[in-house]
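> Take a look and give me a structure for this.
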Amino acid sequence: MSTQIFVNLATADLDGAKAFYTALGCEINPLFTDENAACVVWDEQVFFMVLTREYFGTFTEKPVADPAQSAQVIVALSRESRAEVDAILEAGLAAGGREPRDAQDYGFMYSRTLEDRDGNILEFMYMDPAAAEQGPEAFMTEND
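Take a look at the predicted model:
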């Protein structure tokens, strides 16, 4: 079995969070969803556990950060093309998300940042395959 990733995110509005993530094209796994949490399925290896703030707090002794006021983590997910990056951003914005900064275009890599309705930071990026395999210099050499 390969490693699966479960990212835990706190939310003040579980139903709103489920609506937001399904608008991005995700599915909700009902087997791991209740009044405290929703299992958001990105693909067969990546899942978000969106937890009510109160329930999230039961997993740590630390104060639960308010993602609207402070950044705790930036979750970056790759897409297959620049167009897919733009499409998922547009879906997220239409579902109540916010784009806090301009798109970043480094030639070999293109990324856009989306905050969900709670302020959790998601970054969607496309990287040229040559750069992904051999580093940014390979892309720069090919495109000189």
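
> Show me what the nearest residue to L77 once chain neighbours are set aside bridges to in the sheet.
Excluding its sequence neighbours, the residue lying closest to L77 (Cβ to Cβ, 6 or more residues apart in numbering) is F124, at 5.7 Å. Where you see a C-beta, it was placed from the backbone N, CA and C, and this is true even at glycine. Beta bridges link F124 to L77, R112, judged by DSSP bridges.

> count of neighbours near F124?
Neighbour count of F124, defined by other Cβ atoms under 10 Å: 23.

> try A91
A91, neighbours per other Cβ under 10 Å, totals 16.

> Please, which helix or strand holds it?
Using DSSP states H and E, A91 maps to helix 82-94.

> Toward the C-terminus from that helix, list the very next helix or strand.
Criterion used, DSSP H and E; the element after helix 82-94 is strand 104-105.

> related to what we said a few turns ago, and the gap between the residue nearest to L77 and T60?
27 Å (Cβ to Cβ, to the nearest Å).

> Also V7?
Distance from V7 to T60, by Cβ to Cβ: 15 Å.

> Settle it for me: which of these two has more neighbours?
Remark: of V7 and T60, V7 carries more neighbours, 16 against 9, as counted by other Cβ under 10 Å.

> Phi and psi next, for the more buried one.
In terms of degrees, to the nearest 10, the main-chain angles of V7 are phi -100, psi 120.

> check contacts around E35.
By Cβ atoms under 8 Å, 6 or more residues apart in numbering, the residues touching E35 are 14, 52.

> doesn't it fall inside a helix?
No - per DSSP: H, G, I helix; E, B strand; the rest coil, E35 lies outside any helix segment and is coil.

> residue ranges for the strands of this protein, please.
5-11, 27-29, 37-41, 46-52, 74-78, 104-105, 109-115, 121-127 (DSSP state E).

> now stretch 110-130, how far from the centre of its chain.
Its chain's average C-alpha position is 7 Å from that of stretch 110-130, according to Cα atoms, centre = their mean, to the nearest Å.
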